[in-house]
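Q: model the following, please.
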Amino acid sequence: MIRHRPVRSAALALGTAWVALAASVPAGTPAAAAPPHRVAPLPAVAPRAETAPLHDDEAGGNADADDPAIWRNAADPGRSLVIATAKEGGLRVYDLDARQVQSLPAPPAAGPGDAPGRFNNVDLLHGLRLASGRADVTVTTDRGHDRLRIHRITPGRPGGPLTDITDPAAPPVFSAGQEEINDQNTAYGLATWTDATTGRAYALVSRRNRTTLALLELVPTPAGTVTYRKVRTLDLPSSFRLPDGTAWTPCGEPGELPQVEGMVVDPANGMLYAGQEDVGIWRLRADLRSAPALVDRVREYGVPAAYDEETEECAAGADPGFGGSRLAADVEGLALLTEPGGDGYLLASSQGDDTFALYDREVGDANEYEGGFRVTAASAALDGSEACDGAAVLSAPLGAKYPHGLLVVQDGHDTPVDGERESTNFKFVPLDGVLDRVED
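A: Now for the predicted structure:
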């Protein structure tokens, strides 16, 4: 999500960055800043395909591309699918040529004046136990109704592969009632996780405009639907003690706290990575039973700013140099790139400078930064990705089109623009091109 953030200082605008990595500091207590250095230009990769543009207006169905997930068809990898959220436009399903194969609307408003359904983030669960047997499903945060929506994936099904199996009695995730739901401090970011020890399936959900994370267990019903129960919650810090002894709180609209959206769980070790948009990337156990550790910070970390009600923007003060050098607020989509042998990367979208950062997956290596890249235009008709909200990556072969895997990224400023209408969409990038450039 693009939010109001402090204007960058002159030093940042000129490309000067500050190194201040904190792989294992206590929550809210960063290490001292290191001297500044110049950041080398990042390599560029190009997409092979893009989805049709979505328009967030009445004529376009109030559809806005946000977050993708990649489902691999094990029986026929070339017929795998990309499932993506379109906010009030619901869910979209695409084939590997980026052609739409299904569109599911978000649920309508509960009543007159109530918030309509709004699908924010999506993730997958493989082999979820249902009353009728095991199945692959999508899990989506419905920000408009403060609920999770679960869809079964059935390839080749007439009418489209997704079927809604959400239990009608599924409760709000955070809100006590409809009035609170309408305030829209609701279910937002999402990551799914299956506990390897118990086999139980979970969704980790963040709350919009708050720092709260909730662990929800998915529960099948005898009717063949799926509901969920809240196991526990955890609040990330909303203010931070800086190395100079001062306190800092990220700037935002009155009453808003620094929220989390991008999240992913590493199944190899059960660690959750959560992107607090104006702060950085946190690492903690997916069961929410450990103290969070800050893996990296955005460059704007620690920059004092004040919200201006007239401009609805944050006016920034002098940069004290406590931020990181790899990410520009907001830190957005997080995804896990797994390579043969279990190695791989944590991928993060650096929305503020249109780049992507890769970190080592190994916690013992302190999730060391390994490199970054940009997704740039392949041609005049096929542009790159700017202001990326969500990303998904799969390193398994996906037929002849993507034999080494696929990266899908949201493009927050799709071009060429259709008249005065802003548009968004998703870019499909061959994964071998990403790894070849980053590992050179």
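
Q: first-to-last residue distance for stretch 82-94?
A: From its first residue to its last, stretch 82-94 covers 5 Å (Cα to Cα, to the nearest Å).

Q: just the buried positions in that stretch, please.
A: Using 16 or more other Cβ atoms under 10 Å as the burial criterion, the residues of stretch 82-94 that qualify are 82-94. For glycine as for every other residue, the C-beta is placed from the backbone atoms N, C-alpha and C.

Q: contact partners for the closest residue to G412 other than its chain neighbours?
A: Of all residues not flanking G412 in the chain, A387 sits nearest, at 3.3 Å (Cβ to Cβ, 6 or more residues apart in numbering). By Cβ atoms under 8 Å, 6 or more residues apart in numbering, A387 lies in contact with 2, 351, 354, 411-413.

Q: can you confirm A387 is in a helix?
A: No - looking at A387 with DSSP: H, G, I helix; E, B strand; the rest coil, it is coil, so not inside a helix.

Q: use 20 as the first number from now on
A: Right, with 20 as the first residue, what we last looked at is A406.

Q: quick one, phi/psi of it?
A: Main-chain dihedrals, A406, degrees, to the nearest 10: phi 50, psi 50.

Q: contact partners of the helix or strand where F447 lies?
A: F447 is located in strand 444-449, with elements delineated by DSSP states H and E. Residues outside strand 444-449 that contact it (Cβ under 8 Å, 6+ apart): 64-73, 84, 87, 101, 103, 113, 115, 117, 394, 403-404, 421, 423-430, 433.

Q: in helices, which of the residues you listed appear?
A: Judged by DSSP state H, the contacts of strand 444-449 include no members of helices.

Q: drop anything exposed from these.
A: By 16+ other Cβ under 10 Å, those give 64-70, 72-73, 84, 87, 101, 103, 113, 115, 117, 394, 403-404, 421, 424-430, 433 as buried.

Q: name the spans of the stretch 170-319 of the chain whose pLDDT lies under the cut-off.
A: Within the stretch 170-319 of the chain, no stretch has pLDDT under 70.

Q: ranges for the strands of it?
A: In the stretch 170-319 of the chain, the segments counted as strands under DSSP state E, counting those that start in this stretch are 181-183, 206-213, 220-226, 231-239, 245-254, 259-260, 266-267, 279-285, 290-295, 299-304, 312-316.

Q: give the pairing partners of the second one; include direction for each.
A: The pairing partners recorded for strand 206-213 under DSSP bridges are strand 220-226 (antiparallel).

Q: next, the angle strand 245-254 makes with the partner strand.
A: When axes from the mean of the first three to the mean of the last three Cα atoms, to 10 degrees is applied, the directions of strand 220-226 and strand 245-254 differ by 50 degrees.

Q: orientation of strand 220-226 relative to strand 290-295 in degrees?
A: Following the same axes, to 10 degrees, one obtains 20 degrees for the angle between strand 220-226 and strand 290-295.

Q: pull the CA atoms of strand 220-226 into CSV?
A: The C-alpha trace of strand 220-226 is given here as CSV (Å, rounded to 0.1, in the frame of the first residue of the first chain):
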residue,chain,number,x,y,z
ALA,A,220,-2.8,-25.1,9.2
TYR,A,221,-2.6,-21.5,10.2
ALA,A,222,-2.9,-18.0,8.8
LEU,A,223,-0.9,-15.1,10.2
VAL,A,224,-2.9,-11.8,9.8
SER,A,225,-1.9,-8.2,10.4
ARG,A,226,-4.3,-5.4,11.3
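
Q: what comes into contact with it?
A: Counting by Cβ under 8 Å, 6+ apart, strand 220-226 makes contact with 142, 144, 147-148, 158, 160, 167, 192-193, 204-214, 231-237, 247, 250, 278-280, 282, 284, 291, 293, 305, 307, all of which sit outside it.

Q: please pick the buried ones from these.
A: Of the members of the contacts of strand 220-226, the ones counted as buried by neighbours, 16+ other Cβ under 10 Å, are 142, 144, 147-148, 158, 160, 167, 192-193, 204-213, 231-235, 237, 247, 278-280, 282, 284, 291, 293, 305, 307.

Q: and the closest residue to E296 other than its chain neighbours, how far from A400?
A: Leaving aside its sequence neighbours, E296 sits nearest to D349 (Cβ to Cβ, 6+ apart; 3.8 Å). Going from D349 to A400 by Cβ to Cβ, to the nearest Å gives 29 Å.
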